[in-house]
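# Pasting the sequence and the predicted model now:
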Amino acid sequence: MRCILGLAAAGLVILSGTATADTQSPPNHIPDPPVVQPVADPPPVPPKPIPIPTRPIATPPVPMPPWSTSIPRPPWGQPIPPPPIPAPMPPRPPWPTAGGPYAKHLTLTVSRIGRKRTIRLGCTPLYGMHPEGSQACSLLLRAQGDPARIRLPWRACPQYYDPITVTATGTWNGRFIRYQRTFSSQCELRTATGPIFSF
């Protein structure tokens, strides 16, 4: 009987230990996976505009009037430079003497009412301040230095009176020249003597 009671008590102990073990050990349960929150996509980035190369438009040059480019002007605010100083004129060669190899020179005088002008003209070589010296010397060389020997084609002149007295004195190839005459107008003087007294 004692044996039976001992076995029964042992069985109760075993059963109680099993129950305690069952209560202490966790059940064989797989935990749920963690909940992952959805991540929102970033906003789309707009594409950068591609620069389009542009060609410069060629504009024709604006023509400038001749009066604006003839004289260079300094910029505003700057003083105007002074004009350049002209170079000095070379000295005149000495006047040929009467006995020299080029003794062909005359003193010409033109006298009007209240006016008188005198210049000197030399030929071979050309001397003096005559405005038409080469043409005057060409006529004098053919006339041997004497204006009275000049013969030019006749031309008609207007009828008005403006007296002009001209004289020519000098030496031509060793010969003394003296010429004097009064004309009624400048037209008659030019017709008779050409450019000799046109100064």
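Noted; the coordinates are in hand.

# Report the secondary structure state of Pro195.
Classification of Pro195 by DSSP: H, G, I helix; E, B strand; the rest coil places it in helix.

# I misspoke; the intended subject was Leu140.
helix.

# Could you check how many residues crowd around the closest residue to it other than its chain neighbours?
If the residues on either side of it in the chain are set aside, Leu140 comes closest to Cys123, at 6.1 Å by Cβ to Cβ, 6 or more residues apart in numbering. Glycine gets a C-beta too; all of them are placed from N, C-alpha and C. The local packing count at Cys123 equals 22, with neighbours defined by other Cβ atoms under 10 Å.

# same question, Thr109
Burial of Thr109, expressed as a neighbour count using other Cβ under 10 Å, amounts to 16.

# roughly how far apart are it and Lys116?
Between Thr109 and Lys116 the distance, using Cβ to Cβ, to the nearest Å, works out to 7 Å.

# I figured the residue nearest to Leu140 hits Gln135, correct?
No. Counting by Cβ atoms under 8 Å, no contact exists between Cys123 and Gln135, whose distance comes to 11.1 Å.

# so how far is Thr59 from Ile52?
Here the distance between Ile52 and Thr59 works out to 21 Å (Cβ to Cβ).

# Equivalent analysis for Pro51, please.
From Pro51 across to Thr59, the span is 23 Å (Cβ to Cβ).
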